[in-house]
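*Asks:* my questions concern the predicted model and sequence given below.
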Amino acid sequence: MTADLTEITGERAVSVLEGELEEGRYSGIELRVASAEGVVDGETVDVKMPSNWLRIIKPFEIAVDEEVSFVFDIRVIKKGPRGGYNLLSVIGKSGVAGEDVDVEEVDDEADGEETETTEPTETAEPTETAG
């Protein structure tokens, strides 16, 4: 998945994963980040996510045939003079779209400039957080 982080600031977001969850109540959700890459001014830069996880620690419920979008907020921090960047998960600003956080989905099609406000549409699989 590729995303231009300069285009997805504030309430703007881009879909990164689609999946399915069984109906039920969940205590939270986690996504593991295996690797990250960055390009700044046309050059590849070192990018790390020290925790390797994106987390939502707020409970939520999935009803039969319901679609839900999860918003995982991150902060990009430039590392000192040696360059590179860290991606830090902002747990307090992450949650279920339309319930915990408002989101405007960025259209990653052709010109990349179209945006639309959407209802929850993305699902993901939890890792040992169902309860």
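*Replies:* Looks like it came in fine. Only a predicted model underlies this, so the values are computations on that prediction, with no experimental measurement involved.
*Asks:* C-alpha from now on. contacts and neighbour counts both.
*Replies:* Noted.
*Asks:* ok, which stretches of this structure are strands?
*Replies:* 12-13, 24-26, 29-32, 38-40, 43-45, 47-48, 53-56, 60-62, 70-71, 74-78, 85-89, 95-96, 104-106, 115-117 (DSSP state E).
*Asks:* for the ones you listed, which one ends up most surrounded?
*Replies:* strand 70-71 (a mean of 26; mean count of other C-alpha atoms under 10 Å).
*Asks:* what's that strand packed up against?
*Replies:* Packed against strand 70-71, as judged by 3 or more C-alpha pairs under 8 Å, 6 or more residues apart in numbering; DSSP states H and E, are the following elements: strand 95-96.
*Asks:* low-confidence stretches in the chain?
*Replies:* 107-131 (pLDDT under 70).
*Asks:* residue farthest from the centroid of it?
*Replies:* Here the chain reaches farthest from its C-alpha mean at Pro81, the gap being 27.8 Å by C-alpha atoms, centre = their mean.
*Asks:* distance to Leu5 for the strands of the chain - can I get that in JSON lines?
*Replies:* Shown next, in JSON lines, are the strands of the chain (distance: least, C-alpha to C-alpha, whole Å):
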{"stretch": "strand 12-13", "distance to Leu5": "9"}
{"stretch": "strand 24-26", "distance to Leu5": "29"}
{"stretch": "strand 29-32", "distance to Leu5": "19"}
{"stretch": "strand 38-40", "distance to Leu5": "10"}
{"stretch": "strand 43-45", "distance to Leu5": "14"}
{"stretch": "strand 47-48", "distance to Leu5": "13"}
{"stretch": "strand 53-56", "distance to Leu5": "16"}
{"stretch": "strand 60-62", "distance to Leu5": "27"}
{"stretch": "strand 70-71", "distance to Leu5": "14"}
{"stretch": "strand 74-78", "distance to Leu5": "9"}
{"stretch": "strand 85-89", "distance to Leu5": "11"}
{"stretch": "strand 95-96", "distance to Leu5": "19"}
{"stretch": "strand 104-106", "distance to Leu5": "11"}
{"stretch": "strand 115-117", "distance to Leu5": "15"}
